[in-house]
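In: Pasting the sequence and the predicted model now:
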There are 4 protein chains.
Amino acid sequence: MSGAMKYAKDKVGLWMIGAGGRVGSAVALGVTALAKRLAQPTGLVSALPVFDEVPLIDPGTIVIGGHEVRSETILDAIDDAHEKANLFDEKIIRRCAPRLRAMQRNLRPGSLYGAGPTIRKLADLRGLKKERSGAAAIERLSTDIEAFRRRHALDCVVVIHVASSEPPFRRNAAHARFDKLHRALSKPGSNVLPTSSLYALAAIEAGCPFINFTPSLGVNVPAIQERAQTLSVPFMGRDGKTGETLVKSVLAPMFAMRNLSVLSWVGQNILGNRDGAVLRDPKTRQSKIQTKDKIVSRIVGRPTTTLVSIDYVPSLDDWKVAWDFIHFEGFLGTKMSMQFTWCGSDSILAAPLIIDLVRFAVLESKRGGSGPMPHLGFFFKDPIDVKEHDLFTQWRRLVEHVVKSPIQRPSSAGSIAPGRHRLQQSS
Amino acid sequence: MSGAMKYAKDKVGLWMIGAGGRVGSAVALGVTALAKRLAQPTGLVSALPVFDEVPLIDPGTIVIGGHEVRSETILDAIDDAHEKANLFDEKIIRRCAPRLRAMQRNLRPGSLYGAGPTIRKLADLRGLKKERSGAAAIERLSTDIEAFRRRHALDCVVVIHVASSEPPFRRNAAHARFDKLHRALSKPGSNVLPTSSLYALAAIEAGCPFINFTPSLGVNVPAIQERAQTLSVPFMGRDGKTGETLVKSVLAPMFAMRNLSVLSWVGQNILGNRDGAVLRDPKTRQSKIQTKDKIVSRIVGRPTTTLVSIDYVPSLDDWKVAWDFIHFEGFLGTKMSMQFTWCGSDSILAAPLIIDLVRFAVLESKRGGSGPMPHLGFFFKDPIDVKEHDLFTQWRRLVEHVVKSPIQRPSSAGSIAPGRHRLQQSS
Amino acid sequence: MSGAMKYAKDKVGLWMIGAGGRVGSAVALGVTALAKRLAQPTGLVSALPVFDEVPLIDPGTIVIGGHEVRSETILDAIDDAHEKANLFDEKIIRRCAPRLRAMQRNLRPGSLYGAGPTIRKLADLRGLKKERSGAAAIERLSTDIEAFRRRHALDCVVVIHVASSEPPFRRNAAHARFDKLHRALSKPGSNVLPTSSLYALAAIEAGCPFINFTPSLGVNVPAIQERAQTLSVPFMGRDGKTGETLVKSVLAPMFAMRNLSVLSWVGQNILGNRDGAVLRDPKTRQSKIQTKDKIVSRIVGRPTTTLVSIDYVPSLDDWKVAWDFIHFEGFLGTKMSMQFTWCGSDSILAAPLIIDLVRFAVLESKRGGSGPMPHLGFFFKDPIDVKEHDLFTQWRRLVEHVVKSPIQRPSSAGSIAPGRHRLQQSS
Amino acid sequence: MSGAMKYAKDKVGLWMIGAGGRVGSAVALGVTALAKRLAQPTGLVSALPVFDEVPLIDPGTIVIGGHEVRSETILDAIDDAHEKANLFDEKIIRRCAPRLRAMQRNLRPGSLYGAGPTIRKLADLRGLKKERSGAAAIERLSTDIEAFRRRHALDCVVVIHVASSEPPFRRNAAHARFDKLHRALSKPGSNVLPTSSLYALAAIEAGCPFINFTPSLGVNVPAIQERAQTLSVPFMGRDGKTGETLVKSVLAPMFAMRNLSVLSWVGQNILGNRDGAVLRDPKTRQSKIQTKDKIVSRIVGRPTTTLVSIDYVPSLDDWKVAWDFIHFEGFLGTKMSMQFTWCGSDSILAAPLIIDLVRFAVLESKRGGSGPMPHLGFFFKDPIDVKEHDLFTQWRRLVEHVVKSPIQRPSSAGSIAPGRHRLQQSS
C-alpha cells in the first residue's frame, strides 16, 4: 500500500473455535509475523492493490483468542507442523514464540455439547465442563467471548470456526424458527444442534460476526440466521475454498465457456493432518465430500459423473495432495482429458484467508451490514446465498461490493493487477 | 436454440489459408456434419445459450474454399487423421465424403512468395505459380477470393489463416505506413512481408474480414491495419487459444486473485502433426513459444520464471500433450506446487473455434464493425489490442459486445449457463 | 523368429469362460488377425526372441470356444468396444468378421450356479439352464469342453477364466479335501463354491489346464488343487497383471533396492467397462482391491500405508486410468514423492497375455507338468505358490523354466533383447 | 546389522572433488550424522540386509577431505540448502556443525587447469593457483591427496568426483595410450584433458580408487584406464543414477518384457541448484543429456523417439522435478500412454550413494580388485564396461559380486528383503 493509504484504526479481535489446531496456530503465527514484519502478506487477498484504498484494519494488530478442547498449545501445534510437515522457518518461530505463549492465555475451554465420538476422543483438555443443555453451553461460550472483548477493549470481535469437521447433521423441525429452537435448546440433554451451531449462536448472542470455515453445520440453520438478522449480526460460511475446489472453480467454467462437454470429473484427495484423521470417520467424510462435490455440476450445468474421495495418509501430515482427472468431449464426439495434481499445505493456504475474512467482516460490520455476506462467496466451497460458483463471478462480486459501491472507484477495480506485496512498504 | 430463435439468413463463405491441412479439413468435415445433423455443436462457443437470441448464421450453411500449397486433399487429410490419430467416426466420414470431394474444387493454389524453406519443402502441389512481386501475389490471391464469392453468390466471405506457422518476421520501416508498404511490395523480388501478411492484404483488398489463427505475422503490421481501417474491414488475431494456453488463462488469474506468488511456470508441449514437424525449425518454434509464453507474466504481473518448450513427437500425431508445472509461494514463505497434463487433439479443439470466428465476424461485419475486434480476444493467445489475458474478463467482453449492447439483455448475459447443445433441436 | 525356428504342430483349443466379454472378444479378434497376418504380436510375451527356439504353438492356429451367459456376440462386443472406446481398426474388424461369426457357434451357455446377484443381472442369454447341484453344473460344463475338443480334434484345450469378478468367497471346511468337497457339491442346492470354482473343476475333470485370469476364487481352493494334482492337470492364477499393478511390480523393487523407505502408496483406479460396472458392488470391489493392494507391502517388506481404490467412470469405457502417488523417505529424513498416471485399455493389455498363457500352458502340459505353474507368476497379481512379487525375479523364473532348463541355452537367456516382432517374418 | 555382524576395521578417507558443493556437503553432514547416531542409513544401498555379512567399513568412520574452487564452506552450503530447499533438520545441523567446521580444514584448493568459462566464473576461492601444465596440476592435486592420507593415517582413500558438470570433451589422439598422453600433458599450456580427467589421474597416481559421479569425462579415457590398470587402481563412473534415469531403468525393461512397443519417451527435467545453473550452458547440458538419453533405447532395443530436456528453474533449488511421458503401442495397434512425475532432492539422493561407493570401492580394493568395477553399474547412468542397463540385472551383478562369489552365500542373496534400517541397532 502506498504511503497515502491508511489502515482503519479499529481494535479488532479474532476468536477462533479450534484456536490451537493447525489452521488456528498458523493464523496466530502469521498475525504475529506480520506484526513483527517477519512475513509478507502473500496469500492475503485483502492485501491486493485493488483494495488499497479500502479502510481495512492492519492485520498485525489483530488480537487472538479462542475456544479449544485439546491440551496442545498453539506453540506445540506450530512445532509439530514444523517437524512433521516442514512448515515455517524456525527463526520466525523463535522470534514469535513469546507473543504466542502470551496469546495462549486468551484461550478458553470449548464445549463438547453436541459433539460426536470422533471429536470427543480428541478432546484431552483438562477442565472441560459438561453443560446441562445447549442453551447453557451457548451462554457459557458467549460469556467467554464477551470477556475477551472487554479485557482487550476491542471494538469488534470476529468469531471464526476452524475446528475439526463434524458429521452431517440432519435438519429438524426446531431449525425452522428461532423461538422453537430456543425452547428446544433449553431442555436439559436436548440434542437439537451440533456443537458448531452452538458456537455460531454463542457468537451471535455476543453480537459478533460469525464465519464458518469448515463443512460443519454452523450457521446453516434458518432459525440461527433469523436470530443473526434480528440482532443485526453478519455471518458467512461454509467450508473454506483453499485447494482442489479452488482449482475446480476456475477450470469448470473454462470447459463451460468453451462448450466442451465434461463427461466425468474424478477427484482423489489425500492428506495426513488431524483434519484427515477425523475424515476417517465415514460420516464426517461424507459431510466434506458433499461440499466438495457439488461445485462441478453446478458450474457445468449438465449431468456429469463426479466423484470425490478423501483418504487419510499420515505421512503427508499437513500436505494435501489432490489428483483430478477430467474426461471431456469436444467437437465431432472426440473424447479428451486433462488431469492436475495439487500439492499444498492446507493450513498455509487457509491462514491468510482467515485474516482476510476478519478484515472484510469488520468492514462490513462498520458499514452496518448484517445477515449473510454473499460477496464473501469467493472464499467458500458452499457459500450461503450464493448461486454462482465460478471464481471470477465471485471475485467481481467481492471487488464490487468492497471497493466500488461505497467509494466510487469504477475504473480499474476488478483487475487482477500487478504491484502486489506492498503491505510492508508503508512507513 | 429455442424454436423462436432464427438463424441469420446470410449466405456466408469461409476461405481458409491452408484449407487442406489438419485444422482446415476438420472444419470442412465439421461444417458438413453439422449440415447433415451428424454432429452436435460441442466445442462451439457461439452455440452456448447466452447467444441464443443473437442473429448468427447457421454453421451448416457455410460454403468452404481456400488456398493450399500441398497436394493432399481435404479427404486425404481426414483419412490420415483417422488412421494415425484415431479421430472422427468412419460413418461420419463416409456420409460426408461426397460433399467434401465437391468442396475440394473450391480450393486454389496458394502462394509461396515470402515463404521460408520449411514451408517450401512441404509445398508439393503441382501448378504453384511464382509471383513476380508481393503486390502481384496479393492481387492474384485476392482475385481467387473474389471469384469464390461471385461463383457462390456469397453475402460475405471470412478469410481465416490456418496454415503452418512461419518463423518470426522482423518489423521494418515499410511496415509503418500503407503507402510506403504498397511501394515496397510492388518492387519485383521484394521481401518486405511474410506470406501470411500477403494473404491478410489479399483478404482486405477483397473486402473480407481477415482472421489469423496462427502465430505468423498476418495482420500484425501497422500498415496493413491502416489499410483495413481505410477499407472498413474487420480483422483479428493471432494464434488460436486451444489448449495449454487456454488453461493458463484461467489458472494464472486464480493465483493472482488469491495473492499466491507464482515463482515459476514451466510448460512442456509435445505433438506430432505437421504443426509439430514445422516447429522442429528452431526459428519457427520461437514464434510459437513467444505467443505462448507471454500470457502468464502478463496476468501475474510480476517477474516470474516462465519456460515454454515445444517438441515434435511423431507418434502423437494430432494429439498435443502438455505438462505444466507451477511453483508458487504462499503465506509465511511456504513453497507449494501444482501440475497439470492436458491431452487434446489440436484440430478438434481448433475447428469449432474457426466456425465461431466466422459467425462472430459476419455479425460484426453486418453491424458495420471494422478494424480490430478485441471482443474476440477470448479466442487468441496474443490478441490484437487486448490487454487483459484472463479468460473471464475476455469472456465478459465477448458476451457484452455480442449480446448486451445491441439487444439490451442485461440480465443473465454472461452467465455460463446450463442447457447447452440445443442447436440441433430447432426444427 | 528365424526361418530355422518351427512352431509346435499341436492343434490347440482355448476355451474361455466369458468368451463374449471384452477380453474374450479381443482375444478372438487378435487370434484371427494374427492368423490373417493383419496384426503384429506386440504385447505377446511369448513372441520375444528369448523364446525363439522354444517349441510353442502358432498363435494363429488356436481354436476358440467358451462359455457365456450374456446374449451379446463376440462381434457385438468388438463393435461396442470400437464405438465406445475407439479400439480396433475397422478394416481389421471387417476382414475378421466372417471367422468371428463362425467362432460364435463354438460358444455354449455358461452356468449361474453359485453366482451372485450382480452377475445374475447381466446374464441375459436365453436358454440358460438351472442346475440342480454344483456337481451337476460341473458335469454339464465339463461335457461342453470335451465336446469342443472332440469336434475340433484338438490335442489340448486350455481353459481360461476371463469372466466378470465375483465377490470374495469365504473358505469353508469342505474346501480342505476333495472327497469332502465332492460330497458337498453333490447335495442339491448346495452353495459350497462360487461359479468360478465350478468352472475350474469342470476344466480339471475334462483334463484341461485351467487358468484364472480374474480375482475370483477359481482354483484357489485346496481341494480343487488336490484334484488337479490327482488328475495331473496343470493350473495357475489369479488376476492378470496388466496395468497399475504391473507398474508397481517394477517400481516397488526400485525403492527397495535403493533402501528408500516407502511411507505411503496410494492408487486410484477408474474405468468404465463392464468390469468397472461390476465393481460398483462393494463386495466385488473388495476382492479386486485385495489382490491389487498386497503387492507393495510384500515387495517393500515393511509396514507401509497402502490404499487402492477403484471407481466406475462410464465415459472411460475400456480405458483404465490409474493414478499412483508414492511418498517416500530418503537420507537424513527427507520426504520425497513420485506419482504416475497409467492410461491403458484393459482388454488390449489382457488379450495377448491370454494367448501367452495358452502357449506356455500347452508347453507345460506336453512336458508332463501338472499342478501349479509358479513360473507363470509373471502374469498374475496374486500368483499361486509364488512368494516373489518383483517382476524381474518373476521374469527370470519364467525364462529359466521355459528356455533354460530343458534346452540348455544358458548364455543370453533372460536378456530383454532387441529384435522383437519377428513372429510374422517366418515364411 | 545384527550384533554378530562386524564392520571392517580399516581407516578410510573420502576425498571429494567439489567437497563444498551441495552433494559434497550433504555427504559430510550425512557421515557426521551417522557417526553421531542422528540419522538412519535410509538411502544407503550398502546397508541393506543382503550385505549384512560383507565386511564393509562403518560409514560413520569415514574421514572427509577434498578439493574445492569456491569459497563457500561445507557449513555454508548446508545452511543454504536448509534455507532455500528446506533440507535437513536444524537440530542435526547444529549438533554436527563443530565437526563440519573441523572437516573444512581438510579441504584444499582445486585446479582450474582445463576448466571452461562456466566453471571459472564460479571459482571464487582465493589462492587458486595457476598450473603451468596438465602434468603439474596432476602432481599438485596428487600430493594433496597423499598428504591427506598421511596426516590421517588412512588405510585407503577413495576419490569421488562430485563437482559441476563439464561440457563434452572431444577424444583426441593423445587419449589412446598413456605414454602419448603423458607427453602431451607435460607440455606447458597443453589442453589435452578436461579438469575432471586431471583429477582422475591425480587420484590414480596417488594409488586411490577413483569414481566419477558426474557426466564429465573423468576416467573415460583409454590412456587413463591403461594407467589405472598398470598401477592396479580400481575405478568407475560415470554420472550417478539418482532420479529420473533410475526410474527409466526399471520402467523401460517392464515395457520390453511385456513386448509393448515404446513409440516415444519424452523427459523434461527442471531443477534449480548450481548443477542446474551450470546446465544453462548449452554445451554442458549436452553432456548431461547424452548420458540421460541413451538408456531407454539401449534397454528397449529398437528405434524409439527419445527426448530429454533439462531446464534451470531457480525457485526449485535442490529439488529436481522430472516429468516423463511414455507413448507405447500394444496389441492390435492400440496406442496407450504412461506418465510420471518425480520430485526428489538431488543431493539427498546422491549423498548415500557416495557413501555406498566408498564402502564398495574399499572392499574391492582390499580384495585386490583393479581396473573398472562393472558390478557398480547399478549406481551409474552410463557405467563403464557395462552393457546391461536394466536395474535388476545390475542389482544381481552387484549382489553376486559383493556377496556371493567370495563368501559362498548362494541362498537368499539377491532378494530385496525386509528388515532394513538395522545399521543403528548394533551396540
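Out: Alright, I've got the coordinates.
In: The closest residue to chain B within the stretch 101-250 of chain A: neighbouring residues, count only.
Out: The minimum distance from the stretch 101-250 of chain A to chain B, using CB to the nearest CB, falls at residue A:250 (4.4 Å). Every C-beta, even on glycine, is put in place using the N, C-alpha and C of the backbone. Residue A:250 is flanked by 25 other residues according to other CB atoms under 10 Å in any protein chain shown.
In: go on, residue A:283?
Out: Number of residues near residue A:283 (other CB under 10 Å) recorded here: 13.
In: same question, residue A:145
Out: Residue A:145: 24 surrounding residues under other CB under 10 Å.
In: quick one: contacts for it?
Out: Contacts here follow CB atoms under 8 Å, 6 or more residues apart in numbering or on different chains; on that basis residue A:145 touches A:15, A:157, A:159, A:202-203, A:206, A:208.
In: What residue, apart from its backbone neighbours, is nearest residue A:390 spatially?
Out: Of all residues not flanking residue A:390 in the chain, residue A:253 sits nearest, at 3.9 Å (CB to CB, 6 or more residues apart in numbering or on different chains).
In: still on that earlier bit, quick one: which of the contacts of residue A:145 sit in helices?
Out: Of the contacts of residue A:145, the ones assigned to helices by DSSP state H are A:202-203.
In: Please indicate which of the contacts of residue A:145 are buried?
Out: A:15, A:157, A:159, A:202-203, A:206, A:208 (16 or more other CB atoms under 10 Å in any protein chain shown).
In: Could you work out the most separated pair of these?
Out: Based on CB to CB, the longest span within these runs between A:157 and A:202 and measures 11.5 Å.
In: Okay, helices next: where are they in the stretch 201-350 of chain A?
Out: Assigned helices in the stretch 201-350 of chain A, in chain order: A:222-230, A:244-257, A:274-278, A:282-300, A:346-366 (criterion: DSSP state H, counting those that start in this stretch).
In: thinking again about what came up before, what about the residue nearest to residue A:390, how many residues close to it?
Out: What residue A:253 shows, counting by other CB under 10 Å, is a neighbour count of 23.
In: where does it land on pLDDT?
Out: Model confidence at residue A:253, given as pLDDT, is 96.
In: ok, it touching residue B:249?
Out: No: Residue A:253 is beyond contact range of residue B:249, at 11.3 Å (criterion: CB atoms under 8 Å).
In: out of the buried ones among the contacts of residue A:145, which touch chain C?
Out: Among these, no residue is within reach of chain C (CB under 8 Å from any CB of the partner chain).
In: and which of those is nearest residue B:361?
Out: Nearest to residue B:361 among the buried ones among the contacts of residue A:145, counting by CB to CB, is residue A:159 at 55.1 Å.
In: Pick out the residue of the stretch 1-150 of chain A closest to chain B.
Out: residue A:43 (3.8 Å).
In: Which positions in chain A make contact with chain D?
Out: Neighbours of chain D within chain A, by CB under 8 Å from any CB: A:86, A:90, A:341.
In: what's the spacing between the last one and residue B:325?
Out: Taken as CB to CB, to the nearest Å, the spacing of residue A:341 relative to residue B:325 amounts to 10 Å.
In: between the two, what contacts are shared?
Out: Shared contacts of residue A:341 and residue B:325 (CB under 8 Å, 6+ apart): B:338-339.
In: can you list the domains in chain A?
Out: Listed domain ranges for chain A are A:12-240+A:348-407, A:244-344 (source: automatic domain parsing).
In: tell me the contacts of residue A:284?
Out: Listed by CB under 8 Å, 6+ apart, the contact partners of residue A:284 are A:116, A:118, A:165-167, A:278.
In: Give the single residue among these positioned nearest to residue A:147.
Out: Distances from residue A:147 to the contacts of residue A:284, taken by CB to CB, are shortest for residue A:166, at 25.8 Å.
In: Just give the closest residue to that closest one, not the sequence neighbours.
Out: Nearest non-adjacent residue to residue A:166, counting by CB to CB, 6+ apart: residue A:216, 4.2 Å away.
In: and if you look at residue A:279?
Out: In space, residue A:279 is closest to residue A:285, 4.5 Å off (CB to CB, 6+ apart).
In: show me where chain A has strands.
Out: A:12-17, A:63-68, A:107-109, A:156-161, A:210-212, A:234-237, A:261-271, A:305-312, A:319-329, A:335-345, A:371-372 (DSSP state E).
In: tell me, how many neighbours does whatever residue of the stretch 201-350 of chain A ends up closest to chain D end up with?
Out: The nearest approach of the stretch 201-350 of chain A to chain D comes at residue A:341, 7.3 Å away (CB to the nearest CB). Residue A:341 has 22 neighbours, counted by other CB under 10 Å.
In: I'd like to know the beta-bridge partner residues of it.
Out: For residue A:341, the beta-bridge partners are residue A:323, residue B:339 (DSSP bridges).
In: you'd agree it is up against residue D:339?
Out: No: the pair residue A:341 / residue D:339 is not scored as a contact, 10.9 Å apart, by CB under 8 Å.
In: Need the strands of chain A in TSV (columns: mean pLDDT and distance to residue D:330).
Out: Output for the strands of chain A, formatted as TSV (pLDDT from 0 to 100; distance: least, CB to CB, whole Å):
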stretch	mean pLDDT	distance to residue D:330
strand A:12-17	98	55
strand A:63-68	98	57
strand A:107-109	97	60
strand A:156-161	98	52
strand A:210-212	98	51
strand A:234-237	97	50
strand A:261-271	95	23
strand A:305-312	90	26
strand A:319-329	97	20
strand A:335-345	98	18
strand A:371-372	97	55
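In: Near chain C, which residues of the stretch 251-400 of chain A? Just list them.
Out: The stretch 251-400 of chain A comes close to chain C at residues A:263-264, A:266, A:268, A:270, A:305, A:307, A:309, A:311, A:313-316, A:321, A:323, A:325, A:327, A:329, A:335, A:337, A:339, A:341, A:343, as judged by CB under 8 Å from any CB.
In: meant to ask about the stretch 1-150 of chain A, not that
Out: Close to chain C, as judged by CB under 8 Å from any CB, the stretch 1-150 of chain A has residues residue A:86.
In: what's the residue in the stretch 1-150 of chain A that chain C sits nearest to sitting at in phi/psi?
Out: Minimum separation of the stretch 1-150 of chain A from chain C (CB to the nearest CB) falls at residue A:86, amounting to 7.5 Å. Backbone torsions for residue A:86, taken as degrees, to the nearest 10, come to phi 60, psi 30.
In: gap between the nearest residue to it once chain neighbours are set aside and residue C:336?
Out: Using CB to CB, 6+ apart and skipping residues adjacent in sequence, the residue nearest residue A:86 is residue D:86, 5.3 Å away. Residue D:86 sits 12 Å away from residue C:336, taking CB to CB as the criterion.
In: For stretch A:163-170, report the contacting residues that lie outside it.
Out: Contacts to stretch A:163-170, defined as CB under 8 Å, 6+ apart, come from residues A:17-18, A:21, A:69, A:110, A:115-116, A:118-119, A:122, A:193-197, A:214-217, A:274-275, A:278-279, A:281, A:283-284, A:286-288, A:290.
In: and it, how far from the chain's centre?
Out: Averaging C-alpha positions (CA atoms, centre = their mean, to the nearest Å) puts stretch A:163-170 14 Å from its chain's average.
In: And stretch A:389-408, by the same measure?
Out: Worked out by CA atoms, centre = their mean, stretch A:389-408 lies 19 Å from the chain centre.
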